[in-house]
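Undergrad: I'd like to go over a predicted model; first the sequence, then the structure.
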Amino acid sequence: CLKQLALLCYHQAAQISLVTPDGLLLELGSMLTLFDGLDAYWKHMRQRLKNSGHQFVMCNGHTPQAAKLLAHANIELCSQDHDRMRETLLQLSVAQLGLPEKQVSKLNAMGIRHYGELKNMPRKELGYRFGKALVEQLQKLETDSQPPTSFELPARFQQTVHLSYEAEHARGLVFPLRRVLLNLEAYL
């Protein structure tokens, strides 16, 4: 399903990364001039995804990890203002940061409930109390310089549709094939 969505978005994004099990990361900075800005790009992409029949949450962030966390929190954000992106991120609860439940419980016991409070803690102290992994995860959230693995276009198009009914006439195939043809169009 993610690969189908990636194919659908392929000609509208310079780089696509699959975030299993349920997300796509699109590098869109280089596409904004082609679409006359972020708002036009956003509108075009929203319509394309809406026509695909999938449920989605679109958001952007100053790092891939930030965009991923905001989308998982069901927060739609369309902005090029880095301060606004960071402010929105600061509102996330520590439970929404993708941390292990044990760390979330410890942070809550310390009175740290939101990312904004966690961000203000000294990193050395956090590393001592919670381990290096937490500090690395926060660093990735704030200044991720490592791009995710890029989606590669498959060598050939292949998609299967399983029908829950017997199609006696060609008209019965129109609806299920519409999505396949949309994906084929994106592939071509």
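TA: Right, received. Where do you want to start?
Undergrad: contacts for the helix ranked longest in the chain?
TA: Criterion DSSP state H: the longest helix present in the chain is helix 171-187. For helix 171-187, the surrounding residues in contact (CB atoms under 8 Å, 6 or more residues apart in numbering) are 4, 7-11, 51-53, 153-154, 157, 159, 161, 163, 165, 167. In this view, the C-beta of every residue, glycine as well, is placed from N, C-alpha and C.
Undergrad: Now intersect those with the helices, please.
TA: 4, 7, 8, 9, 51, 52.
Undergrad: All the strands of the chain, in order from the start?
TA: Secondary structure of the chain, counting by DSSP state E: strands at 15-19, 23-27.
Undergrad: Please name whichever of those strands is nearest to residue 87.
TA: With CB to CB as the criterion, residue 87 lies closest to strand 23-27 of the strands of the chain, at 21.3 Å.
Undergrad: Specify the angle between that closest one and strand 15-19 in degrees.
TA: 160 degrees (axes from the mean of the first three to the mean of the last three CA atoms, to 10 degrees).
Undergrad: If you average the pLDDT over strand 23-27, what comes out?
TA: Average pLDDT, strand 23-27: 88.
Undergrad: in it, what counts as buried?
TA: Neighbour-count burial for strand 23-27, counted by 16 or more other CB atoms under 10 Å, picks out 23, 24, 25, 26.
Undergrad: For the first one, give its distance to residue 57.
TA: Noted for residue 23: a distance of 9 Å to residue 57, by CB to CB, to the nearest Å.
Undergrad: Please apply the same query to the second one.
TA: When CB to CB is the yardstick, residue 24 and residue 57 sit 11 Å from each other.
Undergrad: tell me which of the ones in helices among the contacts of helix 171-187 is nearest to residue 75?
TA: Of all the ones in helices among the contacts of helix 171-187, residue 75 sits closest to residue 9, with 20.1 Å by CB to CB.
Undergrad: how about the closest one, what does it touch?
TA: Residues near residue 9 by CB under 8 Å, 6+ apart: 16, 24, 26, 45, 48, 49, 186.
Undergrad: Perfect, I'm done here.
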